[in-house]
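1. Here is the input, now give the coordinates:
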Amino acid sequence: AAMEEELVQLSATPAKAKGQAKRLPLPENLPRTDIHHEPESTVCPCGCTLKRIGEDVAEKLDYTPGIFGVERHIRGKCVCGHCETLIQAPVPAHVIDKGIPTSGLLAQVLVAKYLDHLPLYRQEAIFGRAGLAIPQSTLAQWVGKCGVALLPLVDALKNEMLGHQVLHADETPVAMLDPGAGKTHRAYLWSYSIGAFEPTKAVIYDFAESRAGRHAQEFLGDWRGTLICDDYSGYKALLANGLTEAGCMAHARRKFFDLHSQKQSLIAGEALEYFGKLYGIEREVAELDTDERRRIRVAKAQPIADELHAWLTRQRQVVPNGSATARAIDYSLKRWVALRHYLSDGQVPIDNNWIENQIRPIALGRKNWLFAGSLRAGKRAAAIMSLIQSAKLNGHEPLAYLKDVLTRLPTQPASRVGELLPHRWQPQILA
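-> Modelled structure (predicted):
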């Protein structure tokens with residue numbers, strides 16, 4: 001009785017709240033399978049034949065987990081009856097020479113591992129339920145070979161990235177296996193992206209064995225532009241080489257926000273009001289062109305920034321040294337030149353949140369990868385993740401993008417590899 005009552009409650013149609021949205025129809029692009037339900041008899045109880053006058057259609061959403069299929073590539077042979085010359089179509093080029101996986105299967109493995117954060121041992125189990133348990137050692141070989149094949153695309157993407165004048169940079173720790181010690185040690189995934197206001201959307205992850213600033217120097221090389229980054233000392237050597245530093249206002253604000261939320265400071269709320277005004281102006285200018293954005297920033301945001309700096313200076317004189325509030329104020333005052341740089345350049349964002357959003361999936365994924373097997377494996381993984389995330393930034397479905405790229409890459413001329421970059425990609429095969 002209790003179960004019947006619960007079922008009645010669940011099946012009851014709840015009263016619609018005011019303004020509640022109606023259920024949207026299912027997308028037209030989804031394939032349809034018609035299932036017909038006709039009366040068992042077309043004879044009326046009165047004895048006459050029933051005449052069909054129409055139909056009612058109800059659509060239900062269905063989903064079928066991965067189903068394996070086999071492509072049979074049949075190459076016909078032709079021979080000349082006179083000279084006995086044999087002619088046969090060549091074997092299609094494949095990213096894994098003489099391998100059994102199609103580009104679609106390879107793309108699925110890559111997306112599942114680096115976008116959906118499914119370790120290979122879980123994928124082995126999933127494939128097993130679909131009818132063929134592919135050993136994770138085999139899957140790992142496929143991932144490695146794809147990573148090597150995709151490196152030229154990432155190199156081309158890097159060359160284009162370094163042609164822009166505003167870049168974001170950030171880094172996050174990942175574990176890397178140390179075979180000699182029998183344990184893992186901390187490596188880092190450095191992230192770089194083109195400025196948030198640029199029309200070209202791209203992010204590149206660079207795997208390195210440490211957080212040393214030389215890794216950023218090696219990646220950026222002779223690039224000279226504005227780098228938006230945090231206060232990490234590893235970036236300081238770059239500034240001596242001619243780079244311009246832009247600070248992250250979100251980092252400065254976050255220190256006061258934490259104090260305020262934990263009720264550890266009496267003045268943090270006042271600081272947040274200043275930051276709120278600056279960000280309010282940023283929402284106003286977000287869609288404007290570079291010159292107009294700079295003009296409004298100078299007219300509206302610069303006076304607020306000057307007030308904030310004067311307020312921070314006054315408060316620092318009365319706040320005890322060593323306190324959490326003093327440390328928050330010192331961070332902003334120490335980095336004030338970098339923090340206010342965005343006011344004079346309309347192409348520079350107010351903060352580094354753009355790259356932090358691109359690095360957030362890595363923080364989720366590393367809980368499932370456990371560790372990178374080696375520096376080489378980490379670099380291959382970084383290449384794959386760079387293309388997947390850049391595809392997402394450009395509005396592409398990553399599985400469709402990788403499937404198409406892995407299909408075309410073996411025969412793509414080196415001079416035209418740029419056509420396969422996420423911001424230029426145009427599909428040539430069905431996803």
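2. drop to CA atoms for contacts and neighbour counts, all remaining ones
-> Fine.
3. dump the residue contacts of P398.
-> With contact taken as CA atoms under 8 Å, 6 or more residues apart in numbering, P398 is in contact with 111, 388-389, 391-392.
4. Mind checking the pLDDT average for the helix or strand hosting A107?
-> Following DSSP states H and E, one finds A107 within helix 103-114. For helix 103-114, mean pLDDT rounds to 93.
5. how far away is V57 from H396?
-> V57 sits 33 Å away from H396 when distances are taken as CA to CA, to the nearest Å.
6. typo on my end, it should be L105
-> Going from L105 to H396 by CA to CA gives 18 Å.
7. do K201 as well
-> For K201, the distance to H396 equals 12 Å [CA to CA].
8. same thing with H73?
-> Remark: distance between H73 and H396 (CA to CA) = 29 Å.
9. more neighbours, the two?
-> Neighbour count, other CA atoms under 10 Å: between H73 and H396, H396 has more, with 19 against 8.
10. Ranking helices and strands of the protein by mean pLDDT, which lands last?
-> Taking mean pLDDT, DSSP states H and E as the measure, the helix or strand of the chain with the lowest value is helix 2-11, at a mean of 59.
11. Walk me through which strands the following helix or strand past it pairs with, and which way each runs.
-> Sequence order places strand 77-79 as the next helix or strand after helix 2-11, per DSSP H and E. With DSSP bridges as the test, strand 77-79 is paired with strand 86-88 (antiparallel).
12. buried ones in the strand it pairs with?
-> For strand 86-88, the neighbour count (16 or more other CA atoms under 10 Å) marks no residue as buried.
13. what comes into contact with it?
-> Applying CA under 8 Å, 6+ apart, the set of residues contacting strand 86-88 is 75-80.
14. tell me which of the residues you listed is nearest to S374?
-> Closest approach between those and S374, by CA to CA: R75, at 40.4 Å.
15. nearest spatial neighbour of the closest one, skipping sequence neighbours?
-> Nearest non-adjacent residue to R75, counting by CA to CA, 6 or more residues apart in numbering: A89, 5.9 Å away.
16. Now for the one you found: which residues touch it?
-> Residues near A89 by CA under 8 Å, 6+ apart: 75-77.
17. out of those residues, who has the most neighbours?
-> Among the contacts of A89, R75 has the most neighbours (other CA under 10 Å), with 11 neighbours.
18. Quick one: residues contacting it.
-> By CA under 8 Å, 6+ apart, the contact set of R75 is 88-91.
19. P92 versus that one, what's the distance?
-> According to CA to CA, R75 and P92 sit 10 Å apart.
20. list the residues that contact both of these two?
-> Contact with both R75 and P92 is made by no residue, according to CA under 8 Å, 6+ apart.
21. does L227 count as helix, strand or coil?
-> Assigned by DSSP: H, G, I helix; E, B strand; the rest coil, the conformation of L227 is strand.
22. what's across from it in the sheet?
-> Assessed by DSSP bridges, L227 has beta-bridge partners L167, E245.
23. so V298 makes contact with S344?
-> Yes. Assessed by CA atoms under 8 Å, V298 is found in contact with S344 at 7.2 Å.
24. Compare those two and say which is more crowded by neighbours.
-> The neighbour comparison of V298 against S344 (other CA under 10 Å) goes to V298, with 18 against 14.
25. what's the burial count for the residue nearest to that one when sequence neighbours are not counted?
-> Nearest non-adjacent residue to V298, counting by CA to CA, 6+ apart: L343, 6.2 Å away. Number of residues near L343 (other CA under 10 Å) recorded here: 22.
26. Next up, the contacts around L343.
-> So L343 contacts 294, 297-298, 301-302 (CA under 8 Å, 6+ apart).
27. In three-state terms, label it for me.
-> Here L343 is helix, with the state taken from three-state DSSP.
28. Can you give me the separation between it and I384?
-> 36 Å.
29. One more: P92?
-> Here the distance between P92 and I384 works out to 24 Å (CA to CA).
30. the more surrounded of these two?
-> I384 (27 against 12).
31. Quick check on that one: phi, psi?
-> phi -60, psi -50 (degrees, to the nearest 10).
32. my guess is it contacts L150, does it?
-> Yes. Counting by CA under 8 Å, I384 does reach L150; the two are 7.0 Å apart.
33. looking at the contacts of L343, which has the most residues close by?
-> The most crowded member of the contacts of L343, judged by other CA under 10 Å, is R297 (23 neighbours).
34. D97 and Q88, how far apart?
-> Look at D97 and Q88: by CA to CA, they are 19 Å apart.
35. nope, M249 is what I meant
-> According to CA to CA, M249 stands 64 Å off from Q88.
36. before we move on, what about W336?
-> Per CA to CA, W336 is found 70 Å from Q88.
37. what do you get for R297?
-> Note on R297: its distance to Q88, by CA to CA, is 67 Å.
38. Next: S332.
-> Remark: distance between S332 and Q88 (CA to CA) = 71 Å.
39. same check, this time on D56
-> 53 Å.
40. ditto for K201
-> From K201 across to Q88, the span is 44 Å (CA to CA).
41. wait, what's in contact with the nearest residue to Q347 once chain neighbours are set aside?
-> In this structure, Q347 finds its nearest non-sequential neighbour in T290, 5.6 Å apart by CA to CA, 6+ apart. By CA under 8 Å, 6+ apart, the contact list for T290 reads 345-347.
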